[in-house]
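[1] sequence and predicted structure are below.
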Amino acid sequence: MNIPIIISGGGLIGNYISLRLRKSGIQSKIIEKSNDLHDSNSSIRTITLNPRSIKLLQNEGIEISSSSIKNIFASDADGTGRINFSSDDIGYKELSSVIMFNELNAVLRKENVSNTLFNTEIKSINYDSANEETEIHLSNSTYYKSDLLIACDGRSSNVAKLYGFKNIGHSYDQTAATFLVNASAKNNHAYQVFSEKGIFALMPAPKGNNIFTVVWSLDNSLLEKYGLEDFIHKNLKYFERKLGYRMDIQSDILSFGLSNHYIDDYIRDSVVLLADSAHSIHPLAGQGVNLGFADADVFCSQIEKAYEQGFKINEPTYLRKYSIERESLNLMMLKSMDLFVNAFKNDNPYLRLIRNLGLNYVNKSKLLKAFFIERASGS
Ligand SMILES: Cc1cc2nc3c(=O)[nH]c(=O)nc-3n(C[C@H](O)[C@H](O)[C@H](O)COP(=O)(O)OP(=O)(O)OC[C@H]3O[C@@H](n4cnc5c(N)ncnc54)[C@H](O)[C@@H]3O)c2cc1C
């Protein structure tokens, strides 16, 4: 069967692309490995979206409940460094919005349910250069030909592996724990503490007053003596003291191993990588899927342009514009996150002094703060 676009992976980005292109008249089919039913009980995980990602979703008619972050307070627990960002600094309504991951995933999946094949994955990919077509065989024994094959199948991308893209990455030897707490902090404030007990973030969750989400990145060495749950229950008090708020855990604790990776070229023949299939970063700045939405926006704009101007949707000139615009920006974000992780991991007193001076210096400069906020907002 022929279909213009095959998308491997029906996560946030695969579903967004399929919905947007369909509205522009370009049909696609999503190949999703998991079952279509998601576990509604596991609505613990949140995700922070910047204003650009929110706008992209709204343009497609996607509205879901969210909580606003208007102020972010970051500090070095072992020093004097402090920085705070406010939406007022640059006249924004908010810095970012926190949404429930599963809620957005379910809304986007519903939009594409009729063009998604669940419980299946791609087993082989062959490029027919004479016809500029990609042939795909699935695990359910069906077969498709398409003009474009798009990988949105996450950080262990099946398509990237099958098509031999070179993956460069490393493990942080850290675990991120995430859970909901009841806290008396202000509802539009977010807090981040860099400390010897890990990087601790507290953000308002869209679950009613006083419910906050914690994302806590911990070195695995800290977990050798106690397991994750024990460590969290024993050390939450430390952050209660640092922030001045009591926190009562309200959910199970989810955990994720942390690593980063990037692929040095996002396009080969008519196979294109986007979002986590092409790059993944440390979650400390909550930017991973925002980079994915920015990839998807640039990619869709190019495909829409080619289609409107009567070119084939796999015309290399248009595809290349996507990779030229996104690859270096994504790599820059990955390297910046690594710089932060390493600077705050290191106990060297000189480095601590420099990072504290650096935080305080940026905090005093309106111009530098505006620069960082603009970057984080996806502008
Ligand atoms: C602890 C943590 C906190 C985070 N917080 C934030 C945040 O606040 N803000 C932010 O911007 N980002 C955050 N991120 C990053 C964000 O979760 C990812 O960037 C985002 O989920 C990537 O979306 P995606 O659609 O590219 O991939 P995924 O969400 O990984 O989706 C991939 C999809 O492909 C499917 N799939 C997998 N394998 C196959 C296969 N072989 N065949 C077919 N389908 C397949 C999967 O089932 C899934 O549906 C966080 C990440 C972590 C770990």
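    Cool, got the structure.
[2] does residue 161 sit in a helix, a strand or a coil?
    Following DSSP: H, G, I helix; E, B strand; the rest coil, residue 161 is assigned to helix.
[3] count the neighbours of the closest residue to the ligand within the stretch 251-379 of the chain for me.
    At 2.7 Å from the ligand, residue 288 is the closest residue in the stretch 251-379 of the chain, using Cβ to the nearest ligand atom. Using the backbone N, CA and C atoms, a C-beta is placed for each residue, glycine as well. Neighbour count for residue 288, taken as other Cβ atoms under 10 Å: 20.
[4] and it, what's its pLDDT?
    Note for residue 288: predicted pLDDT of 94.
[5] then residue 145?
    97.
[6] you'd agree it is up against residue 134?
    Yes: if you go by Cβ atoms under 8 Å, residue 145 and residue 134 touch, sitting 7.1 Å apart.
[7] more neighbours: which of those two?
    Set residue 145 next to residue 134 and count neighbours by other Cβ under 10 Å: residue 134 wins out with 22 against 15.
[8] distance of the residue nearest to that one when sequence neighbours are not counted from residue 234?
    Closest residue to residue 134 apart from its sequence neighbours, by Cβ to Cβ, 6 or more residues apart in numbering: residue 149 at 4.6 Å. Distance, residue 149 to residue 234, using Cβ to Cβ, to the nearest Å: 48 Å.
[9] looking at these two, which is more packed in?
    For the pair residue 149 and residue 234, the greater number of neighbours falls to residue 149 (27 against 12), based on other Cβ under 10 Å.
[10] wait, residue 192 sits on residue 215?
    No: in this structure, residue 192 is not within contact of residue 215 by Cβ under 8 Å, at 9.2 Å.
[11] what bridges to residue 29?
    residue 6 (DSSP bridges).
[12] residue ranges of the strands in the stretch 151-300 of the chain, please?
    167-183, 189-195, 198-204, 211-219, 247-249, 254-263, 267-268, 271-273, 279-280 (DSSP state E, counting those that start in this stretch).
[13] quick check: residues of the stretch 251-379 of the chain near the ligand?
    256, 275-276, 283, 286-290, 292 (Cβ under 6 Å from any ligand atom).
[14] now rank these by neighbours and give me the top one.
    Most surrounded of these: other Cβ under 10 Å gives residue 275, at 33 neighbours.
[15] now for it: which residues touch it?
    11-13, 152, 289, 291-293, 295-296 (Cβ atoms under 8 Å, 6 or more residues apart in numbering).
[16] and the protein, what are its domains?
    Listed by automatic domain parsing, the domain ranges of the chain are 2-37+102-169+262-337, 67-101+171-258+348-376.
[17] point out the most buried one among those.
    Highest mean neighbour count of the domains of the chain: domain 2-37+102-169+262-337, a mean of 19 (counted as mean count of other Cβ atoms under 10 Å).
[18] so is stretch 26-38 next to the ligand?
    Yes: using Cβ under 6 Å from any ligand atom, stretch 26-38 reaches the ligand at 31-34.
[19] gap between the closest residue to residue 119 other than its chain neighbours and residue 117?
    Counting by Cβ to Cβ, 6+ apart, the nearest residue to residue 119 once its immediate chain neighbours are dropped is residue 35, at 6.0 Å. The spacing between residue 35 and residue 117, counted by Cβ to Cβ, is 12 Å.
[20] shared neighbours of these two, anything?
    Contacts common to residue 35 and residue 117, judged by Cβ under 8 Å, 6+ apart, are absent.
[21] now tell me what touches stretch 26-40 from outside.
    Against stretch 26-40 from outside (Cβ under 8 Å, 6+ apart): 3-10, 14-15, 17-18, 21-22, 102, 105-106, 109, 112-113, 115-122, 136, 138, 144, 150, 153, 158, 303-304, 307, 313.
[22] go again using 6 Å as the cut-off
    For stretch 26-40, the surrounding residues in contact (Cβ atoms under 6 Å, 6 or more residues apart in numbering) are 3-8, 10, 14, 18, 21, 102, 106, 112, 115-122, 307.
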